[in-house]
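In: After the sequence you'll find the predicted model.
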Amino acid sequence: MKHLLVLVLSALTASVVFAQPYTADRHLARKVPCQACHVTGDTSVPVRKQNCLACHQSYEVVAQKTKDLKPNPHFNHYGERDCSTCHSGHKPSVTSCNQCHKFDLKTP
Ligand code: HEC
Ligand code: HEC
Ligand code: HEC
Ligand code: HEC
C-alpha cells in the first residue's frame with residue numbers, strides 16, 4: 001500500500017515536471033502556427049536559424065536582449081548556431097555551452 005502511494009506521488013510529480021510548455025508550445029500559445037517554424041510543412045526537415053530569425057530578426061537583436069548575462073548566450077566564441085541547438089522545439093531545452101563549461105545559464 002505504501003509502495004502504491006509512493007508510485008502515485010512520483011507519477012504526479014513527474015507529470016508536473018514534464019508538463020512544462022516547451023518552445024513550440026509557448027509559440028503556439030502566442031498563435032504562432034506550426035508552419036512558422038516548419039516552413040516547408042515537412043516536420044522531418046530541421047528547423048534552421050533563418051526560420052526563427054524571420055521573426056526574431058538577427059543574432060545581434062537577440063544578443064541585445066541578453067546583454068546583461070555573463071556570458072551572453074547569444075554572443076560568444078561559439079558563433080551563430082541554429083537556435084534549436086539550445087531552444088528545443090518539443091522537449092526540454094539545453095545550454096549546449098555546458099558540454100564544455102559550467103555556466104549558470106538556463107535556456108527557456
Ligand atoms: C517555435 C517553433 C516551432 C513551432 C511553432 C513548432 N515546432 Fe515542431 N519543431 C521545432 C524544432 C526546433 C524542432 C526540432 C527539429 C530540429 O532539430 O531541427 C521541431 C521538431 C518537430 C517534429 C519532429 C519530432 C520532434 O519532436 O523533434 C515534429 C513531428 C514537429 N516538430 C511537429 C510540430 C507540429 C505539429 C507543430 C504545430 C502544432 C509544431 N511542430 C510547431 C520547432 C517548432
Ligand atoms: C512567427 C514568428 C516567430 C517565429 C517563427 C519564432 N518565434 Fe520565437 N517568439 C515570437 C514571439 C512573438 C515571441 C514573444 C515576444 C518575444 O519574446 O520576442 C517569441 C518569443 C520567443 C522566446 C522567448 C519567450 C519564450 O516563450 O521562451 C524564445 C526563446 C523564442 N521565441 C525562440 C524561438 C526559436 C528558437 C524559434 C525557431 C525555432 C522561434 N522563436 C521562432 C515569434 C516567433
Ligand atoms: C547556446 C545556447 C543558445 C542558443 C544557440 C540560442 N539561445 Fe536564446 N537563450 C539562451 C539562454 C541561456 C537564454 C536565457 C537567458 C536568460 O536567462 O534570460 C536565451 C533566451 C532567449 C530569448 C529570450 C530573451 C529575453 O530575455 O527576452 C530569446 C527571444 C531567444 N533566446 C531567442 C533565440 C534565437 C532566435 C536564437 C537563434 C538565433 C537563440 N535564442 C539561440 C540560449 C541560447
Ligand atoms: C566544444 C567546447 C566548447 C563549447 C561548446 C563552448 N565553449 Fe567556450 N570555451 C571553450 C574553450 C576550450 C575555451 C578556452 C578555455 C580557456 O581559455 O581557458 C572557451 C572559452 C570561453 C570563454 C572565455 C573563458 C571563460 O571561461 O570565461 C567564454 C566566456 C566562453 N568560452 C563562453 C562560451 C559560451 C557562452 C558557450 C555557449 C554559447 C561556449 N563557450 C561553448 C570551449 C567551448
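Out: Sure thing, it's come through. Ligands and ions are numbered 1, 2, ... in the order given.

In: how about the residues of the protein near ligand 3?
Out: Where the chain comes near ligand 3, counting by Cβ under 6 Å from any ligand atom, the residues are 49, 52-53, 56, 59, 62, 65-66, 69, 73-74, 81, 83, 85-87, 95-97, 105-108. For every residue, glycine as well, the C-beta is placed using N, CA and C.

In: ok, which residues in this protein are in contact with ligand 2?
Out: Counting by Cβ under 6 Å from any ligand atom, the chain sits next to ligand 2 at 23, 26-27, 30, 32, 36-37, 47, 51-52, 54-56, 83-84, 87, 108.

In: Generate a ChimeraX selection restricted to the buried subset of those residues.
Out: ChimeraX command restricting the residues of the chain next to ligand 2 to the buried ones, with burial defined by 16 or more other Cβ atoms under 10 Å:
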select :23,27,36,37,47,51,52,83,84,87
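
In: any chance you could map the helices in the protein?
Out: Ranges of helices in the chain, per DSSP state H, are 2-18, 23-28, 34-37, 49-56, 59-65.

In: Now do the residue lying closest to residue 39 once chain neighbours are set aside against ligand 4, distance only.
Out: Residue nearest to residue 39 in three dimensions, not counting chain neighbours: residue 51, with 5.4 Å by Cβ to Cβ, 6 or more residues apart in numbering. Distance, residue 51 to ligand 4, using Cβ to the nearest ligand atom, to the nearest Å: 20 Å.

In: just residue 37 next, same as before
Out: 21 Å.

In: Who are the contact partners of that residue?
Out: 24, 27, 47, 51, 52, 89 (Cβ atoms under 8 Å, 6 or more residues apart in numbering).
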